[in-house]
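Visitor: Generate a structure from the sequence data that follows.
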Amino acid sequence: MSASSTAALPDHQVCEQARLSRDARFDGLFFTAVTSTRIYCRPVCPAPPPKATNVRYYANAAAAEADGFRPCLRCRPELAPGHPAWHRGEHVVARALRLIDAGALAEGPLDALAARVGVGARQLRRLFVEHLGAPPLAVHTTRRLLFAKQLLTETALPVTEVALASGFGSLRRFNAAFAQANRIAPRELRRQPRAAAGGDALVLRLGYRPPYDFQGVLDFLRSRALPGVETVDAQTYARVFGPAEAPGWLRLSAWPGEHALKLELHCPQPAQLLPVVTRLRRMFDLDAEPQAIAAVLGANGVLAPLLLRRPGLRLPGGWDGFEIAVRAVLGQQVSVAAARTFASRIVARWGEPLAVPAAPGLERLFPSPERLAEADLREVGVVRARAETIRGIARALLEGRIDFRSEQLLEDFVARWTALPGIGDWTAQYMAMRALSHPDAFPAADLILRRAATGGTGELSTKALAAMAEAWRPWRAYAVMHLWRSVADSAKPAVAA
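Guide: Have a look, this model is predicted:
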């Protein structure tokens, strides 16, 4: 086993047992490389297991490819969920990875990426090799090539559009990089004939580690769905997204018989594909590791039975940071239903209508900061204080005083936002949960949490709840979801944005 392959890996014996049993709970937490075939696989690969003497374990696909292994065509490593330790949290590597996911290395040099997470380029390379087994550029390239492989095998997109969608500006560079990584040319890999031109959706699998409570995510989003912008029923989530001049729309549902969601994507611009998929993985929390979360939260007497009741409960994110900020302000000290009513009025009054509805029930975009910066929200019944707060948020975003940058620390995010009039700790922590998908955000002042954390025997103070929750780090946001859900399951009224 190479030195780099030991980075961020589970215990060797755990890896052995997981690959031999094809345990889906470890999918994406490590990869198995076979020295005799020079192929690397997911632990769930259906191929006959190789001899242990021929096996190397790698923390991620980039590390395996850096050592000269190519992805398996049967288990398809491009479908594996991401490693939660490195897609969430506040470690330098985790923050840099989120920036890479957002396209930072496609838009600028490594020096700029390193500066955004507060280290030098050389140190960032060292940290990546130490924790991931591969440098940042290799991680970036592997990510793009695996997405391209998924598009080639699951869609009928022309190869040129696959290259653009996966972040390659040159078809020649794409062909060369793909052939080097996969030992096969892109056109030779395609499994489907090219479809006739038309408006048919691209259909992609979005994998996750089980258990996954998709119904719980839908329930959460359905109670907050905004007419015209999104639709949520018992089986699907659908949404329209911009830009207005070339809008797209999507639908998510469960993929029967697989640990995956089915994405039906109508996206007119190939360059939007990877950002949309990345956003959906965050929004639906597809890279979480339920075992790690349960190991921490299960030690609490109140949370333990809730984890048993809903072991796959996830942290539902939001599509857009500004949208979540508006919802959070509207939800201050009112019910979910009331907040949704006000948000729906704002969409109907200031949302940008599409020239042609994208699909039934999907006909306008959520208003941008530019549209709300000077809007008088009192026209739709929003009280003066909250109307001014929302206008202030819109202006601050436009001026760059606040933002939803994925690399920022939770403490810094909360400090910047609470400096704005009308934004308290509850609102900032809620935004961190939904807009940043931060796993440790914790609105300790929430009344429902302070009651639910006692198991129904009383009410904790904010200080007492915060002290109790120290033992729940770094997964406090998941504790919030379990406690809120316990109240909803008991059919009690909830107060949350």
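Visitor: Please count neighbours and contacts with C-alpha atoms only from this point.
Guide: Will do.
Visitor: Now do the phi/psi pair for the residue in the chain sticking out farthest from the centre.
Guide: Centroid-distance maximum for the chain: residue 53 at 36.4 Å, with CA atoms, centre = their mean. When quoted as degrees, to the nearest 10, the phi and psi of residue 53 stand at phi -70, psi -20.
Visitor: Residue 263 too?
Guide: phi -100, psi 120.
Visitor: how much space between it and residue 252?
Guide: 5 Å (CA to CA, to the nearest Å).
Visitor: repeat for residue 227
Guide: 17 Å.
Visitor: Next: residue 121.
Guide: For residue 121, the distance to residue 252 - CA to CA - is 38 Å.
Visitor: Doesn't residue 184 lie inside a strand?
Guide: No. Per DSSP: H, G, I helix; E, B strand; the rest coil, residue 184 lies outside any strand segment and is coil.
Visitor: check contacts around it.
Guide: residue 178 (CA atoms under 8 Å, 6 or more residues apart in numbering).
Visitor: got a pLDDT number for it?
Guide: On the pLDDT scale, residue 184 is placed at 91.
Visitor: swap in residue 378?
Guide: 97.
Visitor: do residue 479 as well
Guide: So, for residue 479, pLDDT stands at 98.
Visitor: From residue 427, how far off is it?
Guide: Applying CA to CA to residue 479 and residue 427 gives a distance of 17 Å.
Visitor: More neighbours: which of these two?
Guide: Comparing residue 479 with residue 427 by other CA atoms under 10 Å, the one with more neighbours is residue 479, at 30 against 26.
Visitor: so what does the worst-scoring helix or strand of the chain on mean pLDDT touch, helix or strand wise?
Guide: When the helices and strands of the chain are scored by mean pLDDT, DSSP states H and E, helix 84-87 comes last with a mean of 71. Contacts defined by 3 or more CA pairs under 8 Å, 6 or more residues apart in numbering; DSSP states H and E place helix 84-87 against helix 92-101.
Visitor: For whichever helix or strand comes after the helix it packs on, which outside residues touch it?
Guide: Later in the chain than helix 92-101, the nearest helix or strand by DSSP states H and E is helix 104-107. Residues from elsewhere that reach helix 104-107 (CA under 8 Å, 6+ apart): 113, 137, 140, 167.
Visitor: Averaged pLDDT, stretch 59-78. What do you get?
Guide: According to the model, stretch 59-78 has a mean pLDDT of 95.
Visitor: end-to-end on it?
Guide: Termini of stretch 59-78 sit 14 Å apart (CA to CA).
Visitor: And stretch 350-369, by the same measure?
Guide: Stretch 350-369: ends 11 Å apart by CA to CA.
Visitor: From the centroid of the protein, which residue is nearest?
Guide: Short answer for the chain (CA atoms, centre = their mean): residue 282, at 0.8 Å.
Visitor: Isn't that one up against residue 435?
Guide: No. Assessed by CA atoms under 8 Å, residue 282 is found out of contact with residue 435, at 9.4 Å.
Visitor: The host helix or strand of residue 479: how far from the chain's middle?
Guide: Assigned by DSSP H and E, residue 479 belongs to helix 476-489. Distance of helix 476-489 from the chain centroid (CA atoms, centre = their mean, to the nearest Å) equals 19 Å.
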